[in-house]
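> The sequence and its predicted three-dimensional model are supplied below.
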Amino acid sequence: MARACPVCGLDVSGLNPRDMAAALRSFPRRYRGAGVLATPEARRAAAALARAARDLRRVLVEERPNLDFGREAEPADLETAAQRLASEIDRANPTDWNRTGTRGGEEVRALDLAREAVHAGAHELRAAQTPPV
């Protein structure tokens, strides 16, 4: 993701691993109010973060894994999913961020997986705060 999202406005292209982990850990606290964590968007955010944690772990320990296959990520609440992904990010060494897997026939870097997950989480949670039009 090279530019700001046209829907939520978030640009994750410059986020470094430390910033991503901090953002993920802040999601449950930042979005706890107004019933946001009970919304379908929060469940989608948690699912996206859980999948990303699983995929990032695979990219970090396997040689070019195919991320299109594999068991579905365990359902998790937002706090658990965010913490799990933040922990995977914390465990990565600086040289790990260029490791790759494949998804949809395309190569994807570990760094991009993490950035995409931060965007997916923020995107869904912001949508939960926006009143329907």
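Structure received.

> Every contact and neighbour count from this point should use C-alpha atoms.
Will do.

> Could I get the full set of helices for this protein?
17-30, 40-61, 78-91, 110-129 (DSSP state H).

> Can you mark which positions in stretch 98-118 are buried?
Across stretch 98-118, burial judged by 16 or more other C-alpha atoms under 10 Å covers 99-101, 108-118.

> Excluding chain neighbours, what is closest to residue 85?
In space, and not counting its chain neighbours, residue 85 is closest to residue 53: 4.5 Å by C-alpha to C-alpha, 6 or more residues apart in numbering.

> Please apply the same query to residue 41.
In space, residue 41 is closest to residue 124, 5.0 Å off (C-alpha to C-alpha, 6+ apart).

> Correct me if wrong: the one you found contacts residue 46.
No - the pair residue 124 / residue 46 is not scored as a contact, 9.3 Å apart, by C-alpha atoms under 8 Å.

> The two - which one has more neighbours?
residue 46 (26 against 20; other C-alpha atoms under 10 Å).

> Could you verify my assumption that the more buried one touches residue 78?
Yes - assessed by C-alpha under 8 Å, residue 46 is found in contact with residue 78 at 4.5 Å.

> Low-confidence stretches in the chain?
1-2, 70-74, 131-133 (pLDDT under 70).

> what residue lies at the spatial centre of it?
Residue closest to the average C-alpha location in the chain (C-alpha atoms, centre = their mean): residue 117, at 1.9 Å.

> what residues are up against that residue?
48, 49, 52 (C-alpha atoms under 8 Å, 6 or more residues apart in numbering).

> Now tabulate these in a markdown table and tack on neighbour count and distance to residue 35.
Listed next are these as a markdown table, based on neighbours: other C-alpha atoms under 10 Å; distance: C-alpha to C-alpha, whole Å:
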| residue | neighbour count | distance to residue 35 |
| --- | --- | --- |
| 48 | 25 | 19 |
| 49 | 32 | 19 |
| 52 | 27 | 24 |
